[in-house]
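>>> for reference, the sequence and a predicted model appear below.
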Amino acid sequence: MLFNSIEFIFLFLPISLFGYFLINRLFGKKGGMIYIGLTSLFFYGWWNPLYLGLIIPLLIVNFWLGKIQTRYYSKYLRGHQGLMIGSLLFNLGVLGYYKYLNFFVDNLNVLTQSHWVIEKCVLPLGISFFTFQKVGYLMDCYQGKSENYDFVDFSCFVLFFPQLIAGPIVHHAQIIPQFRANNSNFNGRNFAMGLTIFSIGLFKKVGIADPLSLVAQGVFNFVDGGGNPSMTLAWQGALAYTLQLYFDFSGYSDMAIGVGWMFNIQLPVNFNSPYQSRSIVDFWRRWHMTLSQFLRDYLYIPLGGNRCAAWKQKLNLLITMVLGGLWHGAAWTFVLWGALHGVFLIINHLWSEGTKSFKWKNNVLYQGAAWGITFLAVMVAWIYFRAPSVHCGNVMVQGLAGSYGVLSTAGGEGIPTKNKMILFSLVVALFLPNTQRIVQATEYFIPMKLQKTWIEWEPNIVWAIGVGLLIAWAILHLSSASEFIYFQF
């Protein structure tokens, strides 16, 4: 069930909201939490009921693994290392089977000239996201950083449907206390705020991301089919995908956060105007923020982080980003995307270390150049993220440099351009305040203070009319609900 679908907006969401607050009133908070768990299972099973045969056993097994580890820590003041390793291998093994087995076998066949054939595994939706959540939880249990939650608490943490499929990646210490708190009564302000955030996200998806997808898909399909793009066509395709991905994924995150507010649950912010960044380090503080925090806390720091020799720190960065790329998908294009960002981060650190005493870094021209280089690096890396093969990505990058001419492209005349939409979305991403700045309601989880902006949400009649018109426009343009890009990860 898609957030941008009629059945979700007019059926599932109203019924689940009404039922949650009714059950809370009749049977208390535990009853409401059980209802949320069952409702979330229905939401997940809507895609394919067979998925329930995976997520329910994983939920039960990981709950007991965490329970045993927590009891062991409370008794011996240290976690059980063998159990922790086994828990990680179990969860990563399940993820590896569904997501990477075919990739491994295909590459093994190439290396050994063998002909192993296995049936293609259907990738369950959201498996990468809820695997990361459970891995983080089990590592916290091992380190004694987790409470002794009961099964209902744990189920709400893993299953809460707004974040189940594509995040944001939530931490147990963020979400479980909120369900336990006295938030079981309907809150009109929270609902209005959530509806506003949801409507902004819906507009991002329907009004911006979906039109841009026509350009990006047309250009990348053309190149994948053997075409050589001109400079103008390559830039249109690269810019269209760069902006489509941002508005698609940040739109989903806004909608998830908005639904959370309707239930009086505050999910963590996932985006903070990443294309305004003036360094790759700053970009990763603003893009997919919950993933960045997870990779930092559960991979980069355990590897040694920056508490080691300079060369080892750089290697840790590269390993973290390569594995982060592989987490996104079982293809060499994702590995290359991660490696590029690892190299970018290393260069960024070396530059920062070598220019600490330079006073001209605050110069307007320097800041403009820093933004341009950062945006170009991110856009080039996104090409490989989107490309169906490394070769296709290479051709696109060569097209950006003008290797196949500047204007004309034989065979690419039928690809939609939508230059006005590209320009409009670029202006929105670079100059307009983002959702959390407009709403000013996310100080709890965002790791930086929000500055006041010229447009701020208030629960008044003007905003009510505006939000109503925005939702009405988006619903009228829901001719066919399209999936979000990150559903495939």
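Yes, it's here.
>>> what is the subsequent helix or strand relative to the strand or helix carrying Trp311?
Using DSSP states H and E, Trp311 sits within helix 310-328. Per DSSP H and E, the first helix or strand lying C-terminal to helix 310-328 is helix 332-354.
>>> show me what that next one is packed up against.
On a contact count with 3 or more Cβ pairs under 8 Å, 6 or more residues apart in numbering; DSSP states H and E, helix 332-354 meets helix 280-286, helix 310-328, helix 364-386, helix 390-400. (Each C-beta comes from the backbone N, C-alpha and C, glycine too.)
>>> which among the ones you listed is found nearest to Thr435?
Nearest of the helices and strands packed on helix 332-354 to Thr435, taken as Cβ to Cβ: helix 280-286 at 13.0 Å.
>>> OK, contacts around Leu299?
Neighbour list for Leu299: Ile319, Thr320, Leu323, Gly324 [criterion: Cβ atoms under 8 Å, 6 or more residues apart in numbering].
>>> the third one contacts Ala339, doesn't it?
No - counting by Cβ atoms under 8 Å, Leu323 sits too far from Ala339 to count as a contact (10.4 Å).
>>> please name the nearest non-neighbouring residue to Lys134.
Distances taken as Cβ to Cβ, 6 or more residues apart in numbering place Asn62 nearest to Lys134, at 4.7 Å, with adjacent residues excluded.
>>> what helix or strand does Met421 sit in?
In the assignment (DSSP H and E), Met421 maps to helix 419-431.
>>> ok now the very next helix or strand once past that helix, how far from the chain's centre?
Note on helix 419-431: by DSSP H and E, the next helix or strand toward the C-terminus is helix 435-439. Here helix 435-439 is found 18 Å from its chain centre; the criterion is Cα atoms, centre = their mean, to the nearest Å.
>>> start the count at 532 instead of 1 going forward.
All right, first residue 532 from here; so that's helix 966-970.
>>> reformat the helices and strands packed on helix 863-885 as JSON lines; add mean neighbour count and mean pLDDT.
Listed next are the helices and strands packed on helix 863-885 as JSON lines, based on neighbours: other Cβ atoms under 10 Å; pLDDT from 0 to 100:
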{"stretch": "helix 811-817", "mean neighbour count": "20", "mean pLDDT": "96"}
{"stretch": "helix 841-859", "mean neighbour count": "18", "mean pLDDT": "93"}
{"stretch": "helix 895-917", "mean neighbour count": "17", "mean pLDDT": "95"}
{"stretch": "helix 921-931", "mean neighbour count": "19", "mean pLDDT": "96"}
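>>> do you know which of these lies nearest Glu650?
Nearest to Glu650 among the helices and strands packed on helix 863-885 is helix 841-859 (22.2 Å), distances taken as Cβ to Cβ.
>>> now the helices and strands packed on helix 863-885 as TSV including distance to Phe558?
Below are the helices and strands packed on helix 863-885 laid out as TSV (distance: least, Cβ to Cβ, whole Å):
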stretch	distance to Phe558
helix 811-817	42
helix 841-859	39
helix 895-917	46
helix 921-931	54
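>>> could you chop this structure up by domain?
What automatic domain parsing lists as the domains of the chain is 537-718, 721-1019.
>>> contact partners for the closest residue to Gln674 other than its chain neighbours?
Nearest residue to Gln674, sequence neighbours excluded (Cβ to Cβ, 6+ apart): Gly610, at 6.3 Å. By Cβ under 8 Å, 6+ apart, the contact list for Gly610 reads Gln600, Tyr603, Tyr604, Cys672, Tyr673, Gln674, Gly675.
>>> I'd say Gly835 and Gln844 touch.
Yes - the pair Gly835 / Gln844 is scored as a contact, 7.3 Å apart, by Cβ under 8 Å.
>>> for this structure, what helix or strand is lowest in average pLDDT?
Least confident element among the helices and strands of the chain, by mean pLDDT, DSSP states H and E: helix 966-970 (a mean of 88).
>>> run through the neighbouring helices and strands of it.
By 3+ Cβ pairs under 8 Å, 6+ apart, helix 966-970 packs against helix 719-734, helix 762-793.
>>> save those helices as a markdown table, and put in mean neighbour count too.
Shown next, in a markdown table, are the helices and strands packed on helix 966-970 (neighbours: other Cβ atoms under 10 Å):
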| stretch | mean neighbour count |
| --- | --- |
| helix 719-734 | 21 |
| helix 762-793 | 25 |
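>>> spatially central residue in this structure, please.
The chain has His819 as the residue nearest its centroid, 5.1 Å off, counting by Cα atoms, centre = their mean.
>>> which residue is the nearest non-sequential neighbour of that one?
Excluding the flanking residues, the one nearest His819 by Cβ to Cβ, 6+ apart is Asn801, at 6.1 Å.
>>> Tyr628 too?
With sequence-adjacent residues excluded and distances taken as Cβ to Cβ, 6+ apart, Tyr628 is closest to Cys652, at 6.7 Å.
>>> just Cys839 next, same as before
The nearest residue in space to Cys839 (Cβ to Cβ, 6+ apart) is Asn847, at 7.4 Å.
>>> residues contacting that neighbour?
The contact partners of Asn847, taken as Cβ under 8 Å, 6+ apart, are Tyr831, Leu834, Gly835, Gly836, Asn837, Cys839.
>>> is it true that Ala740 touches Asp779?
Yes - here Ala740 lies in contact with Asp779, judged by Cβ under 8 Å, at a distance of 3.8 Å.
>>> which SSE is immediately downstream of the top helix by length along the chain?
Longest helix in the chain, counting residues (DSSP state H): helix 544-578. Sequence order places helix 583-607 as the next helix or strand after helix 544-578, per DSSP H and E.
>>> what angle sits between that next one and helix 544-578?
For helix 583-607 against helix 544-578, the angle between stretch directions is 100 degrees (axes from the mean of the first three to the mean of the last three Cα atoms, to 10 degrees).
>>> and helix 583-607, how far from the chain's centre?
Offset of helix 583-607 from its chain centre (Cα atoms, centre = their mean): 25 Å.
>>> next one: stretch 700-713
Centroid separation between stretch 700-713 and its chain, computed with Cα atoms, centre = their mean, is 19 Å.
>>> buried sites along it?
Within stretch 700-713, the residues scored as buried using 16 or more other Cβ atoms under 10 Å are Ile700, Val701, His702, His703, Gln705, Ile706, Ile707, Gln709, Phe710, Arg711.
>>> what sits against the second one?
With contact taken as Cβ under 8 Å, 6+ apart, Val701 is in contact with Gln664, Phe688, Phe691, Gln694, Leu798, Pro799, Thr821.
>>> residues contacting Ile739?
With Cβ under 8 Å, 6+ apart, Ile739 has these contacts: Leu774, Gln775, Phe778, Gly782, Met952, Phe955, Ser956, Val959.
>>> if I look at it, how far off is Gly997?
According to Cβ to Cβ, to the nearest Å, Ile739 stands 17 Å off from Gly997.
>>> and for Val648?
Here the criterion is Cβ to Cβ. By it, Val648 lies 56 Å from Gly997.
>>> tell me which of these two has more neighbours.
Neighbours per residue, other Cβ atoms under 10 Å: of Val648 and Gly997, the larger number sits with Gly997, 14 against 7.
>>> who wins for neighbours among the contacts of Asn847?
Ranked by neighbour count (other Cβ under 10 Å), the contacts of Asn847 have Tyr831 at the top, with 21 neighbours.
>>> Pro708: which element?
Pro708 belongs to helix 703-711 when assigned by DSSP H and E.
>>> pLDDT (mean, whole number) over that helix?
The predicted model gives helix 703-711 an average pLDDT of 90.
>>> repeat for stretch 546-554
Mean predicted lDDT for stretch 546-554 stands at 95.
>>> residues near the nearest residue to Val666 once chain neighbours are set aside, how many?
Sequence neighbours aside, Asn622 is the residue nearest to Val666 in space, at 5.6 Å (criterion: Cβ to Cβ, 6+ apart). For Asn622, the neighbour count with other Cβ under 10 Å is 20.
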